[in-house]
Structures are given as C-alpha cells and as structure tokens.
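In: with the sequence up front, the predicted model follows.
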Amino acid sequence: MTMSIPSVTSDAVSHNLCLGCGLCALNCPTTALVMEELPVSGSDQIRKSPSLRPELCVHCGRCAAVCPSGTIAQHRMEVLVHTVQEQHVRAVVFFCAGLALLRPTPLEQGALSFDMPLLDARRRPRLSDDVSVPEGVLLEEVRCTGRIGPRLLLRLALAGAGEVVILACPPGKCRYGNGRTGAREHVTAVADMLEQYGVTGVRMIVRDTPPADAAMLQALLDGLAVAR
C-alpha cells in the first residue's frame, strides 16, 4: 500500500478529528494550547476544542506526540513515515537538536578565511555533518524528542522500521518539558503494546547518554546497518 503525503507544509489541526480530550493542552510546555468550549453548529451541544496562541508556540511538537486521533499532524513526520515505507528503511535514529550543537563555529574557533561567507562563519556545525549514514538507515534531527509519540512510533513500525533509536537529552536537561523528555514513556508504552499483541522483530530504545562525538555516532549508525 502506498501512502499519500498531506500537502500542508506546517502542523495542521483538524477539528473534525478532535476528541476534545485535552492531552495536547496538558502537555504544552508554554500554554500555547488551551481548551475552549465551543457550540456545535446546528445543536445546543458544547464541544471542547484546542485553541492555539501562536505567539507562545515553540514548535516542540509535544502536542502532536500525545494526540490520539491525529488531529494535530506533523507534516515532516508524515513524510518520514512515507520515506520509511517507500525506501524500505529498517532503522530510524532520532536525535535532539540540542545535542547536535557540540562544536564551536568557525568564528569562535578563529578558523576564518577570506572567501568564507559570514553566514557560514557563524554557523555552528552539526554532529550529523561528520557522519555517513548507511543505506537503510535514516538519521533525523528533531527540535525535541518529546514529539516522537506513540502514534508515530506505531506508524513507523507498521511502515517497516525494525529499529527506532532515540538519542534524547540527559535526565533533567530537556528545555521544553520541565526537564522531562517524554520519549522514554512513549517508547515504553508502545513496546508494551507490541508485546501484548505478539508483535516481534521491532526494537525501540531511548538513550539519554548521547554520543560524545561524530565517531561514536558513526559507530552507532554502522552497527544498525550491520544488524539489518
């Protein structure tokens, strides 16, 4: 089965799907999402629905992670699931953007050259810049690993990903979730569900001791490629 990718280019909210559970607002670290009571058209009923205050949103994705109905959709993650299925990806590695900024900029290093654009001089190199991603493995940087929720994890498994590795912030270091990444709870919930239904061949792990350098990340990626 081939999946279609939504055409929207940003997070989208469909109130036709919304259950009014309020989990999105409960997990929003900045109170950008609040639940409002709105009248149902053509009736005297009231429904609860999320309302977004864009000026407070930090785009961490935690609301989408806990949404059970898919009301809040992350276009980038839709593309990721599609890629896993279409390209027969067997392993997906997520890592927090905060862990990627491990090296000083060329400006900070004093390693400037006359032909280097100012933008490049101030750009902080990413950990992923120095690794080669093996075939069958995807390396995805995310603003917050808390956005990798149970629904996404299940969809990745159904799309064919046999391994999902999440390189999360160390305990107490997440800047979005009051120190709690949320990734471990999500992975534990999905792993328990897969076990209860007798689904084997899928491994999901969270590492909160991230690779210290590109060499360690490369070794992790190569190990996943060999494990296939």
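Out: Cool, the structure landed.

In: please, which helix or strand holds the residue lying farthest from the centre of the chain?
Out: Taking C-alpha atoms, centre = their mean as the measure, the residue most remote from the mean C-alpha position of the chain is Asp44, 39.1 Å away. Under the criterion DSSP states H and E, no helix or strand holds Asp44.

In: and it, how far from Val137?
Out: Asp44 sits 55 Å away from Val137, going by C-beta to C-beta, to the nearest Å. C-betas here are computed from N, CA, C, even on glycine.

In: again with Arg175
Out: 27 Å.

In: more neighbours: which of these two?
Out: Val137 (21 against 13; other C-beta atoms under 10 Å).

In: and the residue lying closest to Lys48 once chain neighbours are set aside, what element?
Out: Distances taken as C-beta to C-beta, 6 or more residues apart in numbering put Gly20 closest to Lys48, at 3.7 Å, once the chain neighbours are dropped. In this structure, Gly20 sits in neither a helix nor a strand according to DSSP H and E.

In: over to Val81?
Out: Going by DSSP H and E, Val81 is part of helix 75-86.

In: specify the next element, helix or strand, located C-terminal of that helix.
Out: Assigned by DSSP H and E, the successor of helix 75-86 is strand 91-96.

In: from what I see, Ala97 and Gly146 are in contact.
Out: No. Using C-beta atoms under 8 Å, Ala97 is not in contact with Gly146, being 12.0 Å away.
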